[in-house]
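Chemist: structure of the sequence below:
(2 chains)
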Protein chains: 2
Amino acid sequence: MEGYTMRSVVFDGRLHLADGPIPTPNSDEALIRLRVAGICQTDLELLDGYKNFSGTLGHEFVGDVVEGPSEWVGCRVVGDINIGCGGCDMCARGIPSQCRNRHVLGIQTYYGAFADYFCLPVRNLHRIPDTISDEVAVFTEPLAAACQVPELASIVPTDRVILLGAGRLGMLVAQVVRLTGADLTVITRRERQETLLDQWKIPHARRESVPDGMADVVIDCTGTAAGFDDALTLVRPRGTIILKSTYAGTPQADLTRIVVHEIRIVGSRCGPFEPALRLLAQGLVDPLLLIDAEFALDDTPQALERASKPGVFKILLRP
Amino acid sequence: MEGYTMRSVVFDGRLHLADGPIPTPNSDEALIRLRVAGICQTDLELLDGYKNFSGTLGHEFVGDVVEGPSEWVGCRVVGDINIGCGGCDMCARGIPSQCRNRHVLGIQTYYGAFADYFCLPVRNLHRIPDTISDEVAVFTEPLAAACQVPELASIVPTDRVILLGAGRLGMLVAQVVRLTGADLTVITRRERQETLLDQWKIPHARRESVPDGMADVVIDCTGTAAGFDDALTLVRPRGTIILKSTYAGTPQADLTRIVVHEIRIVGSRCGPFEPALRLLAQGLVDPLLLIDAEFALDDTPQALERASKPGVFKILLRP
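Modeler: Next up, the predicted model:
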């Protein structure tokens, strides 16, 4: 594709659309043409200075392979966003998402997917079954992150589970956790959250009606110090708190309570794509209700502005 | 024993020895005559205002049953310090140490063991094998707390384990953890710690010679915000941090690091007595080197003063 130019959404202290050459994939990469992309909380945090990011944004995508190994060209794909070095101890453990030298698509030292074209290692790609539409498939990456909750922490059918922070990621976590059969309650603050949860028949409650100290598992998707503190209040002795969002700054935390109540805390980040694709293909998770609006790639600044409003769920971008 | 009086070490804002009647055990309790008691970090914290404690101090003890069920009278015993209500959900789970309404010997709404005589429910008692001396048996309670580390968190033989906070409890934790065969390193700050660890052949190092981010398991016995922060620096991605001490105040904690590195935190408190007695009986843990001094019960204020000095390990009390 040499000689052709394309658009990409660049943040370098300032957010703007840039025109530039279509990238040339390395020998282990595929060139992907964007079909649809999603805006994530992390994108908004990068604009706020997280990781001192500079480059092309975007890591939730559906695209078509246009260059690369012949068995991949023409395939509709999603892609794991962590690019491991293959040589460190964490890669040797089979955990490239925790690679010591990792690049992360659109987040850390790797050009992102808010662009007409972008590259990703072929080993990161996953074919999308024909039965899954683009609008559903674009949720594969955040749904994989939701699947990382039961991947890292046991949730059993008799558990009483409380989820804090029913935002764009929290809503996917709720849909994954209810599949365990556990007694899940999502804490809500807005009617819109309740309307969505009602459509999935997921129980919800306002905080004041939920008893303290009784939950076997609390999942904190708030990313706030107050949320973590509330998780400590809600969990029972010997219970588990799963952290699903990064926190602003270095919050105060009641570590003594963790010791005295023998609580278990499990951090959780990116997750496995294949289980996410299975759940989408089987219709066990329904993300479509989470889509609030679609914008053209040219209008990404407005799309990001919209995504940053309280109570807004998923915003999609189309090339 | 009605009509007789005894001494007890009372803290009611002020530390003093009190004379009073020998207590009369309830129907489920035994009356115990003290043989030897140990001073723990928690005793010192109670004097500093922890839990707004008021009453008779002391929870590490060896004693003889002098009143109670006939099969117990004359037995030399140690005793579990948590007195569960038997009716709450945590007692129903078989975890009286996490009882919602618990009393704790010498710590929470229960007269302690720094006294000539004291009571404890018979169900809390454990007979001491004849092969274990009083001076060794008095370590059963803190050694049980050390056993709670492998009870709540998996430590496998190939794990690289780092222990922070080589104090009176940390030294027992180190002796328990080395039995797993794991690659244990204890971080030291004083020569005295190193001399002790050398006698048990437990590897140690100063902090500056230990690499960051490589430990599978970090055990934080420091009870300080700086210790917890260092544990987060030492643990590898997907590693485990075990918290073994309560923390002063509400320290700042880098929760984002827990999420991004997918770290597991496990709080741990009191532990099981029978494994502790087995380890002592089999000579697999050697606590005698930890004894720094013995005081008479009448000199408990001086004993507590001595125990509060940096680098002092175990101080014993004799009636």
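Chemist: SS state for the residue of the stretch 101-250 of chain A found nearest chain B?
Modeler: Ranking the residues of the stretch 101-250 of chain A by distance to chain B (CB to the nearest CB) places residue A:237 first, at 3.7 Å. Quick note: C-beta positions are derived from backbone N, CA and C, even for glycine. Of the three states, residue A:237 takes strand according to DSSP: H, G, I helix; E, B strand; the rest coil.
Chemist: let me know the pLDDT of it.
Modeler: Note on residue A:237: pLDDT of 98.
Chemist: ok, the residue nearest the centre of chain A to residue B:254 distance?
Modeler: Residue closest to the average C-alpha location in chain A (CA atoms, centre = their mean): residue A:142, at 2.9 Å. Distance of residue A:142 to residue B:254, given as CB to CB, to the nearest Å: 24 Å.
Chemist: circling back: what are the phi and psi angles of the residue nearest to the centre of chain A?
Modeler: Listed backbone geometry of residue A:142 is phi -70, psi -30, with angles given as degrees, to the nearest 10.
Chemist: cool, and residue A:159?
Modeler: phi -70, psi 140.
Chemist: residue A:11 too?
Modeler: phi -120, psi 120.
Chemist: please name the nearest non-neighbouring residue to it.
Modeler: residue A:57 (5.6 Å; CB to CB, 6 or more residues apart in numbering or on different chains).
Chemist: check the one you found and give its pLDDT.
Modeler: 98.
Chemist: okay, it and residue A:39: tell me how far apart.
Modeler: From residue A:57 to residue A:39 the distance is 9 Å (CB to CB).
Chemist: these two: which has the busier surroundings?
Modeler: Neighbour tally, residue A:57 and residue A:39, criterion other CB atoms under 10 Å in any protein chain shown: the higher count belongs to residue A:57, 29 against 26.
Chemist: residue A:204 against residue A:190, yeah?
Modeler: No - at 10.6 Å, residue A:204 does not count as touching residue A:190 under the criterion of CB atoms under 8 Å.
Chemist: these two: which is more packed in?
Modeler: A count of neighbours by other CB under 10 Å puts residue A:204 above the other of residue A:204 and residue A:190, at 17 against 11.
Chemist: which residues touch the more buried one?
Modeler: Residues near residue A:204 by CB atoms under 8 Å, 6 or more residues apart in numbering or on different chains: A:166, A:185, A:186, A:187, A:188, A:193, A:194, A:197, A:198.
Chemist: ok, residue A:92 - how many residues close by?
Modeler: Neighbours of residue A:92 using other CB under 10 Å come to 11.
Chemist: same question, residue A:195
Modeler: 11.
Chemist: the host helix or strand of it: what's the following helix or strand?
Modeler: Assigned by DSSP states H and E, residue A:195 belongs to helix A:191-199. As assigned by DSSP H and E, the chain's next helix or strand after helix A:191-199 is strand A:204-206.
Chemist: for the stretch 201-319 of chain A, just list every one of the helices.
Modeler: A:225-234, A:255-260, A:273-281, A:300-307 (DSSP state H, counting those that start in this stretch).
Chemist: now the ones you listed as a markdown table including mean pLDDT and distance to chain B?
Modeler: Compiled in a markdown table, those are given as follows (pLDDT from 0 to 100; distance: least, CB to the nearest CB, whole Å):
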| stretch | mean pLDDT | distance to chain B |
| --- | --- | --- |
| helix A:225-234 | 96 | 6 |
| helix A:255-260 | 95 | 4 |
| helix A:273-281 | 97 | 17 |
| helix A:300-307 | 97 | 21 |
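Chemist: buried deepest among those, which one?
Modeler: Among those, helix A:255-260 has the highest mean neighbour count (mean count of other CB atoms under 10 Å in any protein chain shown), at a mean of 22.
Chemist: which other residues reach it?
Modeler: Contacts of helix A:255-260 (CB under 8 Å, 6+ apart): A:232, A:263, A:265, B:225, B:228, B:243-247, B:250-251, B:253, B:265, B:267-269.
Chemist: not counting residues beside it along the chain, what's closest to the residue of the stretch 101-250 of chain A closest to chain B?
Modeler: The nearest residue in space to residue A:237 (CB to CB, 6+ apart) is residue B:98, at 3.7 Å.
Chemist: end to end, how far does stretch A:207-216 reach?
Modeler: Terminal residues of stretch A:207-216 lie 16 Å apart, using CA to CA, to the nearest Å.
Chemist: so for that stretch, mean pLDDT?
Modeler: pLDDT averaged over stretch A:207-216 gives 98.
Chemist: element containing residue A:36, please.
Modeler: strand A:29-38.
Chemist: can you give the strand pairings for that strand, parallel or anti for each?
Modeler: strand A:60-67 (antiparallel), strand A:117-121 (antiparallel), strand A:314-318 (antiparallel) (DSSP bridges).
Chemist: highest mean neighbour count out of those strands?
Modeler: The most buried one of the strands paired with strand A:29-38 (mean count of other CB under 10 Å) is strand A:117-121, showing a mean of 25.
Chemist: convert the C-alpha atoms of that one to PDB, please.
Modeler: Provided in PDB are the C-alpha atoms of strand A:117-121 (Å, rounded to 0.1, in the frame of the first residue of the first chain):
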ATOM      1  CA  TYR A 117      -5.000   1.100   8.600                       C
ATOM      2  CA  PHE A 118      -2.800  -0.300  11.400                       C
ATOM      3  CA  CYS A 119      -0.500  -3.200  12.100                       C
ATOM      4  CA  LEU A 120      -0.600  -6.000  14.700                       C
ATOM      5  CA  PRO A 121       1.400  -9.200  15.100                       C
END
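Chemist: how distant is the helix or strand following it from the center of its chain?
Modeler: Next helix or strand after strand A:117-121 toward the C-terminus (DSSP H and E): strand A:125-127. Distance of strand A:125-127 from the chain centroid (CA atoms, centre = their mean, to the nearest Å) equals 17 Å.
Chemist: again, but for stretch A:168-182
Modeler: 13 Å.
Chemist: residues contacting residue A:89?
Modeler: Here residue A:89 is in contact with A:100, B:236 (criterion: CB under 8 Å, 6+ apart).
Chemist: try 10 Å this time
Modeler: A:95, A:98, A:99, A:100, B:213, B:214, B:236, B:237 (CB atoms under 10 Å, 6 or more residues apart in numbering or on different chains).
Chemist: quick check: chain neighbours aside, which residue is closest to residue A:67?
Modeler: residue A:31 is the one closest to residue A:67 (CB to CB, 6+ apart), at 3.8 Å.
Chemist: report pLDDT for that neighbour.
Modeler: For residue A:31, pLDDT reads 98.
Chemist: doesn't residue A:77 make contact with it?
Modeler: No - using CB atoms under 10 Å, residue A:31 is not in contact with residue A:77; the gap is 11.4 Å.
Chemist: which residues touch the residue nearest to residue A:206 when sequence neighbours are not counted?
Modeler: Once flanking residues are discounted, residue A:206 sits nearest to residue A:188: 6.4 Å by CB to CB, 6+ apart. Contact analysis of residue A:188 by CB under 10 Å, 6+ apart lists A:163, A:166, A:194, A:195, A:196, A:197, A:204, A:205, A:206, A:207.
Chemist: perfect, I'm done here.
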